[in-house]
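Colleague: Take this sequence and fold it.
(chains A and B)
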Amino acid sequence: MIIPESAPTERPSNFFKAHGCYKVSKIKEKDSDCQDSYSLSTERSRVAISDGATQSFYSGLWSQILCNLYCSWPKLISQSQWNIWNEAARTQWIEEVKNKLEELKEAGKPSWIECLNGIKLRKDAFATFIGISLDDSYLHGICIGDSCAMLVRITKEDPEKEECRESASVIRILPGLWRHSFDSRTSGLSSYNSELHHLPEFFDIPVPVDKNNYRILLMTDALAHYVIDMEERGMSVVNHLLSLSTQEDFARYVDRCRETGLANDDTTLVVVEIVNTTDSTPSDIKHGDFDGTKLPGIDDTHMLDRNAYDNDQDSLIQSNHPSLDRLPHALPSSSYKSTDAKTSISDIYSEHEPIDKKPSSRQACLPDFLSEKRPEKKTTKGEAHHSTNFAIEVIRQGSQRLKDLFRSQS
Amino acid sequence: MYEQQLSTVNPGLILILVDQSASMRTKYADSCKADFAALAVNRVIGEIIQACTAGEEIKDRCHVGVIGYGSKSELLFIDSASQLATNTNVIDIPKRISDGAGGFIEVSQVLRVFVPSVSQGSTDMAGAFQLAYQGIEKFIGHFQHSFPPIVINITDGEPDNMNETKTAVQDVQRLKTSDGSVIVMNAYISDSKGLQIQLPASSESFQSNRYAQFLYDISSVLPEPILAESINAGFDSSPGSRGFIFNADPDALVRFLRFGTSVDVALVKRD
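Modeller: Sure, this is the predicted structure:
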């Protein structure tokens, strides 16, 4: 891996806590077939997810390299760092694919021919990507394609009481240009400089002043579309996403969602909690649990090259290795309670009424300054696209107002 | 219908019938029809295996069979992608690829050889379709909910018996999975500069050509999802188009084969 020696390293920081990392593969596919990846570094306050295109060449490996390299890069990946970082990712990918070829040949696996031909014919891997980096004042992001992040605010119903119900609402979808459309071809990062390769969107938004009340949810496209659709219908699922605590919970939840509109696709969710630095407890994740220490059954080739980071005490959680899928993905930092303690994950659909019968709960789930702009109008299926665009526009406008609000508060 | 995604539970089947009669010795491209047809079939089988490869694993999302026919018909093989991949009979062939800077470079590609170049005897096309019937019937017995099998027949001459062939094809077309009936596609290859026909929706323009009319008649009308794929593949097709090309030059044959063998693979949702 090429890391510029001159690149100044960031001071380690802890601006978020990991809340949960989950992923499931498509129906009828094995866990190891999942081409989604995620990576998370609490000490660098970075998190990334990536969705590898199933039909491309070693896309799972590519998506994992992108995530790992984003979270372990010694410097914030700004536009000036982009080309260096991207080239390093490509170099690492081709090196690892060549290593795979040797392994396949040694093991006598027939797919060595496909691997060799792929290398010779310069077949590329393709993946969407979103990476978020947090510092004291800003949330810095890079995004390519239709993976997305949502900034979620947690509101206590009675702030005076310590034990009270909380409600979560999406206040911002990142990046701002994220498109809510299944039909359009998504952009993404290619492991070669082909026509499929696109440049990323960089964004920086101010971190809310009341940091402890926010979560960031990163998700791949299928779940993102589903979450927004449900928001549109006034049946927000964000509270339930935040109440998940195990990989098994998530897998069961995804199964149920697939019966009600979630597309059959690899599905990944990572939840982090924004914290005040004084409150942060990086020991929430034990060092060495995930940070490059060889876990049972994990080959060295799947792990990030840690040599460059020997001096770092970085907590790096990474995914997309078959054996990792068997590990618990949820992290022991959750203190979140679902808004309805009586409602279990398996029950959530029983409370969802058809859209035309249930009064919209959007007024309740969006902050006032967002909901006040929404016209009182029932959404029909045919209007979904327009209303989604409208919702995104409302969220954009709302987030601008939110930004102004933060400024005025500070 | 015609929407089942390929999976190891519901794999697809592509059955290729290759004319190996004596007339296949005639010049075609840089060699002869038999050489070119064998190379083209070996290449598309390689592409099918590639499409079934996920990382290090070759998934049995598709089965492939080849029937060769001359004076007699013979099932050369019918197997799953992972089994086909164990074929150790390989050759290096050159391939031109983009150099990424507007030019081309030639690289060598490893190709598994499944089908030999053979050209002798007459044209037992009816026997080939009868063998196809047996193979497909057995496949459907195991995979009733799969995308319907696709049969691609590559030929350069009239069959020994047109009526028998027509009956055998109709039998094949009656076979179906829960996702639709078997699709039969025909490619008549020729180096002549005669009228080239690709996925026609009617036989009006070649009614006088008895053999073209025959192949048109025994080719399936492309169902909607496959018709859409043909348009994506660059064919000038329209509703009612049949899986048939006539007087196909080498480029047209390769294009047709790629389209026919990637139809069900293309229907796998890409993400």
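Colleague: neighbours around the spatially closest residue to A:Tyr138 that is not a sequence neighbour, how many?
Modeller: The shortest distance from A:Tyr138 to any non-neighbouring residue, by Cβ to Cβ, 6 or more residues apart in numbering or on different chains, is to A:Asp204 (5.0 Å). (C-beta placed from N, C-alpha, C; glycine too.) Neighbouring residues of A:Asp204 were enumerated by other Cβ atoms under 10 Å in any protein chain shown; the total is 12.
Colleague: Which residues does A:Asp204 form beta bridges with?
Modeller: Counting by DSSP bridges, A:Asp204 is bridged to A:His140.
Colleague: what comes up buried for stretch A:110-124?
Modeller: Along stretch A:110-124, the positions that meet the burial threshold by neighbour count (16 or more other Cβ atoms under 10 Å in any protein chain shown) are A:110-119, A:122-124.
Colleague: Check whether it comes near chain B.
Modeller: Yes. Shown here: stretch A:110-124 in contact with chain B (Cβ under 8 Å from any Cβ of the partner chain) through A:110-111, A:113-118, A:120-122.
Colleague: export the buried residues of stretch A:110-124 to JSON lines and tack on distance to A:Ser45 and secondary structure?
Modeller: Converted to JSON lines, the buried residues of stretch A:110-124 look like this (distance: Cβ to Cβ, whole Å; DSSP: H, G, I helix; E, B strand; the rest coil):
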{"residue": "A:Pro110", "distance to A:Ser45": "44", "secondary structure": "coil"}
{"residue": "A:Ser111", "distance to A:Ser45": "39", "secondary structure": "coil"}
{"residue": "A:Trp112", "distance to A:Ser45": "41", "secondary structure": "helix"}
{"residue": "A:Ile113", "distance to A:Ser45": "44", "secondary structure": "helix"}
{"residue": "A:Glu114", "distance to A:Ser45": "39", "secondary structure": "helix"}
{"residue": "A:Cys115", "distance to A:Ser45": "37", "secondary structure": "helix"}
{"residue": "A:Leu116", "distance to A:Ser45": "41", "secondary structure": "helix"}
{"residue": "A:Asn117", "distance to A:Ser45": "42", "secondary structure": "helix"}
{"residue": "A:Gly118", "distance to A:Ser45": "36", "secondary structure": "helix"}
{"residue": "A:Ile119", "distance to A:Ser45": "36", "secondary structure": "helix"}
{"residue": "A:Arg122", "distance to A:Ser45": "36", "secondary structure": "coil"}
{"residue": "A:Lys123", "distance to A:Ser45": "35", "secondary structure": "coil"}
{"residue": "A:Asp124", "distance to A:Ser45": "31", "secondary structure": "coil"}
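Colleague: what's the neighbour count on whichever residue of chain B sits closest to chain A?
Modeller: Proximity to chain A, evaluated over chain B using Cβ to the nearest Cβ, is greatest for B:Ala85 at 3.8 Å. Taking other Cβ under 10 Å as the criterion, the count of residues near B:Ala85 is 23.
Colleague: Now do the same contact list for it.
Modeller: Under the criterion of Cβ atoms under 8 Å, 6 or more residues apart in numbering or on different chains, the neighbours of B:Ala85 are A:110-111, A:113-114, B:49, B:58, B:112.
Colleague: Now the stretch 201-350 of chain A against chain B: closest residue?
Modeller: The stretch 201-350 of chain A approaches chain B most closely through A:Asp265 (5.1 Å), counting by Cβ to the nearest Cβ.
Colleague: same question, chain A
Modeller: Scanning chain A for the residue nearest chain B gives A:Pro110, at 3.8 Å (criterion: Cβ to the nearest Cβ).
Colleague: ok, and the closest non-adjacent residue to that residue?
Modeller: On the basis of Cβ to Cβ, 6+ apart, the spatially nearest residue to A:Pro110 that is not a chain neighbour turns out to be B:Ala85, at 3.8 Å.
Colleague: mind checking which helix or strand the residue of chain B most remote from its centre is in?
Modeller: Computed with Cα atoms, centre = their mean, the maximum C-alpha offset from the centroid of chain B is found at B:Ala101, amounting to 34.0 Å. Secondary structure assigned from DSSP states H and E places B:Ala101 in neither a helix nor a strand.
Colleague: buried residues in the helix or strand containing A:Ile65?
Modeller: Secondary structure assigned from DSSP H and E places A:Ile65 in helix A:59-72. With burial defined by 16+ other Cβ under 10 Å, the residues of helix A:59-72 counted as buried are A:59-72.
Colleague: check contacts around B:Val18.
Modeller: B:37-38, B:41, B:66-69, B:115, B:154.
Colleague: List the contacts of the helix or strand that contains B:Ile97.
Modeller: Taking DSSP H and E as the definition, B:Ile97 sits inside strand B:90-98. Contact with strand B:90-98 is made by A:113, A:121-122, B:39, B:104-113, as judged by Cβ under 8 Å, 6+ apart.
Colleague: Next, count neighbours for B:Lys193.
Modeller: Close neighbours of B:Lys193, defined as other Cβ under 10 Å, add up to 8.
Colleague: so which strand or helix has it?
Modeller: With elements taken from DSSP H and E, nothing contains B:Lys193; it lies in neither a helix nor a strand.
Colleague: Any stretches of chain B with poor pLDDT?
Modeller: When residues are selected by pLDDT under 70, those of chain B lie in B:263-271.
Colleague: scratch that, the stretch 151-300 of chain A is what I was asking about
Modeller: For the stretch 151-300 of chain A, counting by pLDDT under 70, the residues that fall below are A:158-164, A:176-185, A:193-197, A:211, A:277-300.
Colleague: which residues in it form helices?
Modeller: A:221-232, A:238-243, A:247-258 (DSSP state H, counting those that start in this stretch).
Colleague: out of the ones you listed, which comes closest to B:Glu74?
Modeller: Of all those, the one in closest proximity to B:Glu74, counting by Cβ to Cβ, is helix A:247-258 (45.5 Å).
Colleague: Give me the angle between that closest one and helix A:221-232.
Modeller: 70 degrees (axes from the mean of the first three to the mean of the last three Cα atoms, to 10 degrees).
Colleague: Say whether chain B is contacted by helix A:247-258.
Modeller: No. Helix A:247-258 is not in contact with chain B by Cβ under 8 Å from any Cβ; minimum separation 13.4 Å.
Colleague: buried residues in that helix?
Modeller: With burial defined by 16+ other Cβ under 10 Å, the residues of helix A:247-258 counted as buried are A:247, A:249-254, A:257-258.
Colleague: Stretch B:195-205 now?
Modeller: Taking 16+ other Cβ under 10 Å as the neighbour-count basis, stretch B:195-205 is seen to contain the buried residues B:197-200, B:203.
Colleague: Would you convert these into JSON lines that also reports secondary structure?
Modeller: Compiled in JSON lines, the buried residues of stretch B:195-205 are given as follows (DSSP: H, G, I helix; E, B strand; the rest coil):
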{"residue": "B:Ile197", "secondary structure": "strand"}
{"residue": "B:Gln198", "secondary structure": "strand"}
{"residue": "B:Leu199", "secondary structure": "coil"}
{"residue": "B:Pro200", "secondary structure": "coil"}
{"residue": "B:Ser203", "secondary structure": "coil"}
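Colleague: If anything else comes up later, I'll come back, but that's it for now.
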